[in-house]
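> Mind looking at a prediction? Sequence and model below.
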Amino acid sequence: MEFDSEKAAAERLLGALEDGRLDAADTFYLVEKADPTLVYFLFAWLRAWYPPSHPAADAVLGRLGDLCSQYPAAARIAKEGQKDAVVAWFEDAYGYRDFRAAEFIALVVEKLEG
């Protein structure tokens, strides 16, 4: 059950940034509740999937930038999560663009919860 709730929370946070489903305040609330490593993973995945050449990059990365500008703690939380050994494992074994959103979330949540 924990796995499912963590996965749903990660999907909600990713959706807030990717599709603008929530405003910055509500998105930051999700960031605060999330595992810092998961926050780092989601931010990194977004940056990989939305390079400047992507038509939605300005919107998606703009929301991420706005979040971190309005709530600098969001960037600090992600930076803290980057230090986790799971990040090194993932980045040595995979690329962020190797996974679509749902399978990426399932993999990292399972690894973080395991």
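Sure, I can see it. From a predicted model like this one, the values you see are computed outputs, not experimental measurements. Numbers count the residues shown, from 1 in each chain.
> Tell me the buried residues in the least confident helix or strand in the chain by mean pLDDT?
Within the chain, no helix or strand scores below helix 2-19, which has a mean of 91 by mean pLDDT, DSSP states H and E. Burial within helix 2-19, assessed by neighbour count using 16 or more other Cβ atoms under 10 Å, is assigned to 6-7, 9-11, 13-14, 16-18. (Each C-beta comes from the backbone N, C-alpha and C, glycine too.)
> In CSV, list those along with distance to residue 95.
Converted to CSV, the buried residues of helix 2-19 look like this (distance: Cβ to Cβ, whole Å):
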residue, distance to residue 95
6, 23
7, 21
9, 24
10, 19
11, 21
13, 21
14, 17
16, 24
17, 20
18, 19
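> Find the helix or strand that residue 75 is a member of.
Taking DSSP states H and E as the criterion, residue 75 maps to helix 72-82.
> Run through the neighbouring helices and strands of that helix.
helix 24-33, helix 36-49, helix 57-70 (3 or more Cβ pairs under 8 Å, 6 or more residues apart in numbering; DSSP states H and E).
> what inclination does the shortest one have with respect to helix 2-19?
The reference is to helix 24-33. Orientation check (axes from the mean of the first three to the mean of the last three Cα atoms, to 10 degrees): helix 24-33 against helix 2-19 gives 150 degrees.
> What lies in contact with helix 24-33?
For helix 24-33, the external contacting residues (Cβ atoms under 8 Å, 6 or more residues apart in numbering) are 9, 12-13, 16-17, 22, 39, 63, 66-67, 70-71, 73-74, 77.
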